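Colleague: the sequence isn't on hand, but the structure is:
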């Protein structure tokens, strides 16, 4: 039986202000929960069906668990089909801390990404391509928003995501660090010579990269548009699609 | 003043069965409406603010228009911020017809894509890369679903999308036509030699390509996973991301 205070807490964690207040976030579903349990992010508690708990008992040492039935899970779940497990994790310390920039690998900087699905998908893609750090402007949607967490499909357990002041981060970069900005008038990403490391910067879904960040870009890049339609043409790609193609184009060259 | 019957019709068109019954779909927003007006898809009527109608009058010859205020637009809009224009278009004839497969260019075949955002984003990406035909299995979400239409950002006005029986389509293909299937155990897409044309096939978000379609694939391809994490790794990429990277990887080679 789920207590009223527990229902209240879980519902509160769907809102950013309460996530920040309690320093916790929620994760739904077996695969994503297990990914987080494999990470160094602390579990607070798990609410799961008896079947799920039985099956996964060996992985749950030292973690507070509650048995809950599907009906109660439905009360707190954000998913259309309630999962077998809903878990509460501690937001990792690094999220709000000043990020440490590595200069020998690629990372991603997101300026004001507003769609949770886009942010989650970008984190999932970064994970696929072995990019372990994503720097989000403080205007970007919160990475611990339940919709973002679900869209990462567990990758948020592996990729370090920071919420930070991007301008300050860029100001602190060494002069010779490549800063690749996705713009419509850049060099075709397939023509870049020997990309080895640097920041891949992606802007807001409607407005692109902010004016005050543009001066930091020392490598303007673009994804060639290959549509020869004379009457009308697409204006842009979706932000998560653009990020993925750039990550692929840069990282595949390192193989 | 918006009549009750008009409100009813527009709300009905949010559901697939009524779109099929009336053979119409809705489009919201200025940019997307103008993209459709440039296409050979027939406009039924436009509901717009006086300002929008004034500004776009020259493009509206022969089209039935209604003046409507923002308050009334809000009543029928699916968007959080109601647009300046909501328009009704005729579903093009080809959508339910047997598709004509071109064998000298790339096309996309989607097996059971269920997320409207994914389908819309795939159509938008196809448009960017000059891929003018997308074949959707009849189990794929309806391309004229308002969420799909919005996610295409107008590209549905340029890309021909067919709802069809994919198995029958694949059976009708010439033997020598490359059928590229996105699978986890294929050849790395960056290592393909001289891709020139063919079908790029993408499967369902959870289950991949259906078992009964696998035998038609004569080129299994995969996007290399570049994550060296030893403890846990991502299982897959989002379906629209995978499609985009494959389209980029194949089409950029033709430049």
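Modeller: Everything's here; your move. In this text, all values refer to a predicted model and were calculated from it rather than measured experimentally. Residues are numbered from 1 along each chain as shown, chains lettered A, B, ... in the order given.
Colleague: so which residues on the stretch 51-200 of chain A come close to chain B?
Modeller: Residues of the stretch 51-200 of chain A lying close to chain B (C-beta under 8 Å from any C-beta of the partner chain) are A:117, A:121, A:124-125, A:127-130, A:151, A:153-155, A:157-158, A:190. C-betas here are computed from N, CA, C, even on glycine.
Colleague: just give me the closest of those to residue B:53.
Modeller: Nearest to residue B:53, judged by C-beta to C-beta, of those is residue A:117 at 33.5 Å.
Colleague: the closest one - that's part of a helix, no?
Modeller: Yes - assessed with DSSP: H, G, I helix; E, B strand; the rest coil, residue A:117 lies in a helix.
Colleague: and the nearest residue to it once chain neighbours are set aside, how close does it get to residue A:115?
Modeller: Spatial nearest neighbour of residue A:117, excluding adjacent residues (C-beta to C-beta, 6 or more residues apart in numbering or on different chains): residue A:151 at 5.1 Å. Using C-beta to C-beta, to the nearest Å, residue A:151 is found at 9 Å from residue A:115.
Colleague: and those two? Which one has more around it.
Modeller: Neighbours per residue (other C-beta atoms under 10 Å in any protein chain shown) separate residue A:151 from residue A:115, with residue A:151 holding more: 23 against 18.
Colleague: let me see the contact set for the more buried one.
Modeller: If you count contacts by C-beta atoms under 8 Å, 6 or more residues apart in numbering or on different chains, residue A:151 has them with A:116, A:117, A:119, A:120, A:121, A:123, A:124, B:238.
Colleague: recalculate using a threshold of 7 Å.
Modeller: For residue A:151, the contact set (C-beta atoms under 7 Å, 6 or more residues apart in numbering or on different chains) comprises A:116, A:117, A:120, A:121, A:124.
Colleague: domains of chain A?
Modeller: The record's domain parsing of chain A by automatic domain parsing lists A:4-91, A:95-254.
Colleague: if we can go back for a sec, out of the contacts of residue A:151, who's the most crowded?
Modeller: Highest neighbour count within the contacts of residue A:151, by other C-beta under 10 Å: residue A:121, with 29 neighbours.
Colleague: residues contacting stretch A:169-186, please?
Modeller: A:99, A:101, A:103, A:135, A:195, A:197-203, A:208-209, A:213-214, A:216-222, A:242, A:246.
Colleague: for the record, mean pLDDT for stretch A:180-189?
Modeller: In this model, stretch A:180-189 has a mean pLDDT of 95.
Colleague: neighbours of residue A:172, how many?
Modeller: Per other C-beta under 10 Å, the neighbour tally for residue A:172 reads 10.
Colleague: let me see the backbone angles for it.
Modeller: Here is the backbone geometry of residue A:172 (degrees, to the nearest 10): phi -90, psi 0.
Colleague: lowest average confidence, helix or strand, in chain A?
Modeller: Using mean pLDDT, DSSP states H and E, the weakest-scoring helix or strand in chain A turns out to be helix A:70-76, at a mean of 90.
Colleague: that one packs against which elements?
Modeller: helix A:4-12 (3 or more C-beta pairs under 7 Å, 6 or more residues apart in numbering or on different chains; DSSP states H and E).
Colleague: which of the residues in whichever helix or strand comes after the helix it packs on are buried?
Modeller: With elements assigned by DSSP states H and E, the helix or strand that comes after helix A:4-12 is helix A:16-22. The neighbour-count check on helix A:16-22 (16 or more other C-beta atoms under 10 Å in any protein chain shown) flags A:18, A:19 as buried.
Colleague: adjacent strands (with direction) for the longest strand that chain A contains?
Modeller: Of all the segments of type strand in chain A, defined by DSSP state E, the longest one is strand A:179-188. Using DSSP bridges, strand A:179-188 pairs in its sheet with strand A:198-202 (parallel), strand A:219-222 (parallel).
Colleague: mind putting those into a markdown table with mean neighbour count and mean pLDDT?
Modeller: A markdown table is the format used below for the strands paired with strand A:179-188 (neighbours: other C-beta atoms under 10 Å in any protein chain shown; pLDDT from 0 to 100):
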| stretch | mean neighbour count | mean pLDDT |
| --- | --- | --- |
| strand A:198-202 | 25 | 98 |
| strand A:219-222 | 19 | 97 |
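Colleague: turn those strands into a markdown table, including distance to residue A:24.
Modeller: Below are the strands paired with strand A:179-188 laid out as a markdown table (distance: least, C-beta to C-beta, whole Å):
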| stretch | distance to residue A:24 |
| --- | --- |
| strand A:198-202 | 28 |
| strand A:219-222 | 38 |
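Colleague: residue B:16: which of these is closest?
Modeller: Of those, nearest to residue B:16 by C-beta to C-beta is strand A:198-202, at 33.8 Å.
Colleague: ok, residues contacting that closest one?
Modeller: Outside strand A:198-202, the residues that reach it (C-beta under 7 Å, 6+ apart) are A:106-111, A:177-182, A:209, A:217, A:239, A:242-243, A:246-247.
Colleague: quick one, which of these are buried?
Modeller: Among the contacts of strand A:198-202, the ones that count as buried by 16+ other C-beta under 10 Å are A:106-111, A:178-182, A:209, A:217, A:239, A:242-243, A:246-247.
Colleague: rounded mean pLDDT for stretch A:242-255, please.
Modeller: 92.
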